[in-house]
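K.L.:
Using only what follows, build the 3D model:
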Amino acid sequence: MKKLLLSLILVVLFCGNVFAGGPVIAPKIEEVSAPVKPVAVEFAYDDMYKTKKHFTVGLGFGGNPMLGFVEKDGFGYPKCEYGITWVLGYGYTWVSGQPTEQQLKNALAAIKSKYGAFIEEKKIPSLVRQEVGIKELKYFEFGTVAAIIPLNIEIGTMWILNDNVRTRLGFGLPTLISFGINFDF
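P.N.:
Residues are numbered from 1 along each chain as shown. Sure, this is the predicted structure:
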């Protein structure tokens, strides 16, 4: 019995070594890449209207945040942003002028009628912004300028360039002019 078991184990190990290192069938690149999964346009509002926090890096002058966070919905419209400003202070920005719930739902209905009931999820934000037509938002910022001046107030306009890039131009005190560009991750 022991000899039979030992010879069976040796046969299994020998067969495993014989086939090891044999030809490997690799899948094609098209098979490996994940297929793009379309989503139903009529249910996109419920998922994309929720606000999420994104990291932002900016270049500019004035109250534009160099490092910070932006809270925006899935359609790419920012609600607020906060972080370390160019003048080494801290700023908190409120953004207004986003489309209403009805405007977003009307845009989704128009997209559904133009492109069908299912669309790639990545395309929905830019299609909605294109359909709504709101790419210019107003902002109000309150913050500090280093430790020298404890108060910085700005108002201005913010433009959404694409899903992850925004630019702004504003005026305030003590920073007379504020401009910059932010990249959201």
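K.L.:
CA only for contacts and neighbour counts going forward, please
P.N.:
OK.
K.L.:
what residue ranges in the chain score low on pLDDT?
P.N.:
Across the chain, the stretches falling below the confidence threshold (pLDDT under 70) are 1-2, 4-8, 10-36, 147-149.
K.L.:
Would you map the helices across it?
P.N.:
When assigned using DSSP state H, the helices of the chain occupy the ranges 2-19, 29-32, 44-48, 101-115, 124-132.
K.L.:
isn't residue 167 right up against residue 139?
P.N.:
No. Residue 167 is beyond contact range of residue 139, at 11.6 Å (criterion: Cα atoms under 8 Å).
K.L.:
what residues are shared contacts of these two?
P.N.:
Contact with both residue 167 and residue 139 is made by residues residue 158, according to Cα atoms under 8 Å, 6 or more residues apart in numbering.
K.L.:
Distance from the chain centre to the lengthiest strand in the chain, please.
P.N.:
For the chain, the strand with the greatest residue count under DSSP state E is strand 149-162. Relative to the mean C-alpha coordinate of its chain, strand 149-162 is positioned 20 Å out (Cα atoms, centre = their mean, to the nearest Å).
K.L.:
contacting residues around that strand?
P.N.:
By Cα under 8 Å, 6+ apart, the residues outside strand 149-162 that reach it are 63, 76-77, 126, 135-145, 166-175, 178.
K.L.:
Pull out the buried residues from the residues you listed.
P.N.:
Buried subset of the contacts of strand 149-162 (neighbour count, 16 or more other Cα atoms under 10 Å): 63, 76-77, 135-145, 166-172, 175, 178.
K.L.:
Could you list which of those residues belong to strands?
P.N.:
Of those, the ones assigned to strands by DSSP E are 136-145, 166-172, 178.
K.L.:
Residue 50: neighbour count?
P.N.:
Other residues within reach of residue 50, judged by other Cα atoms under 10 Å, total 12.
K.L.:
Show the contacting residues for it.
P.N.:
The contact partners of residue 50, taken as Cα under 8 Å, 6+ apart, are 73-74.
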